[in-house]
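Asker: Need coordinates for the following:
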Amino acid sequence: MNQVKSVLFVTCTHIVLHIIFISGSLASGKDTNAELIEKEWQRLSEAGSTCPLKTLTSNELDNLLYNKQDENTLVCILMAFREDESKLSDSFMWSALGAVYQKLGLKSQANTCFEVATKLSGKVTTFIKTWNFIGPFVIGKMELDGDPLQAFGGIRNISKDRLVKGAHFYSELTPNGTVEWMIFNQKSAKDKVRIQPHINWNDLVSSLGSMGITEWQGWAIGVFAVNENEQNIIVQCIGVSTVYVDDVPLTGDVYHREQYWYGIKLERDIHTIFIRLRAKAVAEFKCELKVATNSFELLKPLFQPDLVDGYLFGPYLAVPISNHHNSQYLKILKVELHGHSSHSKEMTTTLEGEFNDIAPGQTMPINIKFRTRAKNHQLEKGCYDIEIQLKFITSDGSQILMLLLRCRKINEPFLFTFIDHDGSVQHGAAIKPTKNCPGNLCPVVLTLHGTTVSPQSQAESYKRMIGGEFVFGIKNCWLLAPTRHGAHNWEGPGLLTAMTAVSSLAKLSVDNKWMKDKVDPNHLIYAGHSMGGHGAWLLASHYPDKALAVISQAGWIKKEEYGDSNLFFRHDIATSHTDPSVKAVMEACIVENDVDRHVSNLKGIPVLARIGAKDRTVHPYFVKRMYRLLKEIGVQVNYNELEGKEHWWWDTNERNDGGVSNDKKIRKFIDRYTKGYFDPASYLKCNDDKGHCEAKQDESILEMPKTFLLTTYNPALSEGLHGIKITQQVTPFRLSTIKGENSKSLVSLTTSNVQRFTIGGYSNRKLIWKGKGIQVDKKFISPEVVSSVLSTSCSHFCHINGTWAVCQDCIETLGIRGPKTLGPARRIAENEFLIIIGTQSNSSVSLYLQQAAVYIANLFFLTSNTKAPILKDSDVDKSQFENRNLILLGGPQENLHTGQFLEKIPIGFKDGVTRIHNCEFNAERTGVMSLAPNGHHQLTMILMGNSLAGFQDIVTLATPTIPPMTRSPFSNLLPDFVITGPEFRQKGPGGMACIGFWGNSWEYRAYLSSCMCTS
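Answerer: Residues are numbered from 1 along each chain as shown. So this is what the prediction gives:
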């Protein structure tokens, strides 16, 4: 082991000591320490204890320590001290010796050893010098794949023999099909560990035809010492998403932000870090540890709003705060503005939102709102940056954060902030129109960025050179470039953030009277490049009634078929174990994001599809495929493949002409399809005096086709088509369609898999309901009835007893599932939510529930900048459930609130047995994740297990992958409910006992699940 002569470490069931021999002068107290060693040697010898090793070689000593810790083992350690006095200055060796004494109940000797270690190196090992690695093994691209080491006892058991010569496991990636343990050294706290398996990747890629095979998994293990009890230890592991300290999961820093440390309370001992690595060809990571010197830490905001010509425009700021205390919540009591410059004397700040307590070990963004007494929100005349100090007053003292608010001129791209759909603060970039809009109400070019592109960079790409100066923006249109951190691909949370940014910018433009041109949130040109090109397709196909046009550039169709970053059951461990019914349920979770399946919704919308002929990031194949699909249904589409251009270009025909985003062709396309908007006979007007902007409801911009086809797979993610919206399906999460034919006096609708639908709403394409009847599947509904449905908020069409009728009640009040209470699991985070932890069990179980909640909440923040407050079940009032989603940790015996929600779904949980319909799941290691209704409009997610291991399995459903697909927890391939079995860790989805969707009344339907049950 080179510099490493011995390894000793402790886990919950065994002690493993990692003894590092180093050279150097003896510390003060050498004679005293030597006397202790000699005294203990004599005591053990007289007791008849002997060292069973013939020689104290590194491997022999380590193997003994991994598997047996008794007084004979102590004799071997003491012999090592006696043979080499330099070891008396090795702090880690003293910590390891103390850990063995502690396990044997010899408190006095243990105290002495740990005291020596503390004097030599402090309270905690600051980094791990030696890492043991086993791998590589294949792994799939999704979050849930299996671990091949589980078949041999799991990493915590097999790691005891990691220095046994010839110990090996099995992998299809290596030449001989086996892998052995390897050692990697971390030289300093700032040094990265680089693991590059010697695999012929080129051969595998060539033979298998897939770059996805280069992603692998493995385990890295290291040990560290804590030398005093009850320490607030904070850990930072860069380059990984999750680390386990002993059995407790902590969030890593997979995005390399390098400012987040995650805390845990540890007692004096030798502790182990387990990292389940996943990487593409090469893995690099580093871990540091330290004792927290402050109970909390203010962190630099990830983004800030700009001032615009001296005006305060976007009023929100999210400040991450880390609670490093090991047991106490940190209460954020107040935020004050201190020491700000003379330009900002009129500013004040307040806390935004109800829940601002931060759990032990949690990092949570605290939302604040700036306010100003200045007229029209103008803080200064002219444009200058402003320095401010924010003083956060907490239950454990106060700290000050220094900030600089940037000022941007009105004709420049500027950043603004807003409260998103989930209660978090998000941001976007905007540019006002280069020419004032007739009526002072402007449509919006909603432009979506690609991977790693910032919103400001996306907005700034809409520039061109005029008269030697760059001009930013678009004539007669607001430009909006929203963003959301993470691998959302403009699906799910990304899509909702984009649409929330539109409505927020519209409100800000009205609230700020000095802003002459207001934003019309109902008339959009969807645009985007690369990932954003996919987003433009997706938003247009799910919100078509807001579309004036679509500009998709280098846009792929679905992530599972683009490149190798999200392959679906290709190289997974689970492919050998997963039943087709499980795959079908999992695929149904993501089909709503497949643009090609929703292409019918784009009929009637002008489209510009653009790609560089030499683009090999997104091959022209994907854009040409959409071109064919659009042409097949008669969409007016302009396909533009530019010779010689690659994925991105700044200059199309001449220097600084606008390039990929804003050249002459793009500008002409936008101008053409906004002309109807500004037709003097029909353009939309804004009344500044009343602060009210709206469209004429009897007018629209685009003609509606005589025939149309509305396609929906999940009513939760769709605004419908031509004012028609499917709100409930006969069979949930399957294809639903409404085929329409529009004539002068009648709209004929033919439905498939539709239970309920609504009509109405403003549309950019003419579908005038006035004076028209509707024929639904040969059932005629008179114009008078249609008129009454339009005039009543909750009225809708429902299929009851084999025929269509008008239902008067809102769907949510009927106790059935509607768009707001549909799954899949990711919907839990598409509204403001609380995490509620159980406290009703013993202290160790309650502590683990809290630690798991902190891990999940930190993952939400790490992967999507989401605010996830954690509350104890005994501290939350049921009135606080309203208007929020809930994540409950712990079963009915652990959590006060779980039982009431279990009663609303067909899951029974008693005496460790889980029941669904006629299925019983009684394995000792069973975990449960399920959605349940929370009132009429909200959702609850229940996470529980019949054992600690079962609960730990279900928590791993939140674990993300590596970039660029590091999605937020529970956001991919998870349906309404998941039951994990004892083989889940080994087989991934192949070890799921049952997964599926609930029916429209939260009932069990066999054909919506993978359960294999007796009838």
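Asker: Would you enumerate the residues in contact with residue 908?
Answerer: The neighbours of residue 908, taking C-beta atoms under 8 Å, 6 or more residues apart in numbering as the test, are 902, 914-916. Backbone N, C-alpha and C define where each C-beta goes, glycine included.
Asker: Give me the distance from stretch 517-531 to the chain's centre.
Answerer: Between the centre of stretch 517-531 and the centre of its host chain there is 25 Å, according to C-alpha atoms, centre = their mean, to the nearest Å.
Asker: Stretch 253-263 too?
Answerer: 15 Å.
Asker: Please apply the same query to stretch 477-485.
Answerer: For stretch 477-485, the separation from the chain centroid amounts to 20 Å (computed by C-alpha atoms, centre = their mean).
Asker: for it, what is the average pLDDT?
Answerer: Mean pLDDT, taken over the full extent of stretch 477-485, equals 97.
Asker: Just the C-alphas of it, formatted as CSV.
Answerer: The C-alpha coordinates for stretch 477-485 follow below in CSV (Å, rounded to 0.1, in the frame of the first residue of the first chain):
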residue,chain,number,x,y,z
CYS,A,477,-42.1,42.0,-29.4
TRP,A,478,-40.9,41.4,-26.0
LEU,A,479,-38.0,38.9,-25.8
LEU,A,480,-38.1,36.6,-22.8
ALA,A,481,-35.4,34.0,-22.0
PRO,A,482,-36.3,32.1,-18.8
THR,A,483,-34.3,29.5,-17.1
ARG,A,484,-34.4,26.8,-14.4
HIS,A,485,-31.3,25.1,-13.1
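Asker: So which of the contacts of residue 908 is the closest to residue 528?
Answerer: The shortest gap between residue 528 and any of the contacts of residue 908 belongs to residue 916, at 41.5 Å (C-beta to C-beta).
Asker: Most neighbours among the contacts of residue 908, please name it.
Answerer: Highest neighbour count within these: residue 914, with 25 neighbours (other C-beta atoms under 10 Å).
Asker: tell me the contacts of that residue?
Answerer: Contact partners of residue 914, counting by C-beta under 8 Å, 6+ apart, are 907-908, 920-922, 926, 928, 946, 979.
Asker: mind running it again at 10 Å?
Answerer: Under the criterion of C-beta atoms under 10 Å, 6 or more residues apart in numbering, the contact list for residue 914 reads 891, 907-908, 920-923, 926-928, 930, 944-946, 950, 979, 993-994.
Asker: Cross these against strands and list the overlap.
Answerer: 907-908, 920-921, 927-928, 930, 944-945, 979, 993-994 (DSSP state E).
Asker: what about stretch 135-149, distance to the chain center?
Answerer: 20 Å.
Asker: Quick one: end-to-end length of it, please.
Answerer: Terminal residues of stretch 135-149 lie 10 Å apart, using C-alpha to C-alpha, to the nearest Å.
Asker: In it, which residues are buried?
Answerer: When burial is assessed from 16 or more other C-beta atoms under 10 Å, stretch 135-149 yields the following buried residues: 135-149.
Asker: State the helix or strand in which residue 526 lies.
Answerer: In this structure, residue 526 is located in strand 518-529 according to DSSP states H and E.
Asker: The helix or strand that that strand is followed by versus strand 518-529: what angle between them?
Answerer: Scanning forward in sequence from strand 518-529, with DSSP H and E defining helices and strands, the next element found is helix 531-542. Helix 531-542 and strand 518-529 are oriented at 120 degrees to each other (axes from the mean of the first three to the mean of the last three C-alpha atoms, to 10 degrees).
Asker: Which strands or helices does helix 531-542 pack on?
Answerer: In this structure, helix 531-542 makes packing contacts with strand 441-448, helix 493-511, strand 518-529, strand 547-553, strand 607-612, helix 620-632, judged by 3 or more C-beta pairs under 10 Å, 6 or more residues apart in numbering; DSSP states H and E.
Asker: Dump the last one to PDB, restricted to CA.
Answerer: Right, helix 620-632. Written as PDB, here are the backbone C-alpha positions of helix 620-632 (Å, rounded to 0.1, in the frame of the first residue of the first chain):
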ATOM      1  CA  PRO A 620     -30.400  17.100 -39.100                       C
ATOM      2  CA  TYR A 621     -32.200  13.800 -39.000                       C
ATOM      3  CA  PHE A 622     -34.300  14.900 -36.000                       C
ATOM      4  CA  VAL A 623     -35.400  18.200 -37.500                       C
ATOM      5  CA  LYS A 624     -36.200  16.500 -40.800                       C
ATOM      6  CA  ARG A 625     -38.200  13.900 -39.000                       C
ATOM      7  CA  MET A 626     -40.400  16.600 -37.500                       C
ATOM      8  CA  TYR A 627     -40.500  18.300 -40.900                       C
ATOM      9  CA  ARG A 628     -42.000  15.100 -42.400                       C
ATOM     10  CA  LEU A 629     -44.500  14.600 -39.600                       C
ATOM     11  CA  LEU A 630     -45.700  18.200 -39.800                       C
ATOM     12  CA  LYS A 631     -46.100  18.000 -43.600                       C
ATOM     13  CA  GLU A 632     -48.100  14.800 -43.300                       C
END
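Asker: buried residues in it?
Answerer: Judged by neighbour count using 16+ other C-beta under 10 Å, the buried positions of helix 620-632 are 620, 622-623, 625-627, 629-630.
Asker: could I get those residues as JSON lines with distance to residue 823?
Answerer: As requested, these are exported to JSON lines (distance: C-beta to C-beta, whole Å):
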{"residue": "620", "distance to residue 823": "36"}
{"residue": "622", "distance to residue 823": "29"}
{"residue": "623", "distance to residue 823": "32"}
{"residue": "625", "distance to residue 823": "29"}
{"residue": "626", "distance to residue 823": "28"}
{"residue": "627", "distance to residue 823": "33"}
{"residue": "629", "distance to residue 823": "28"}
{"residue": "630", "distance to residue 823": "30"}
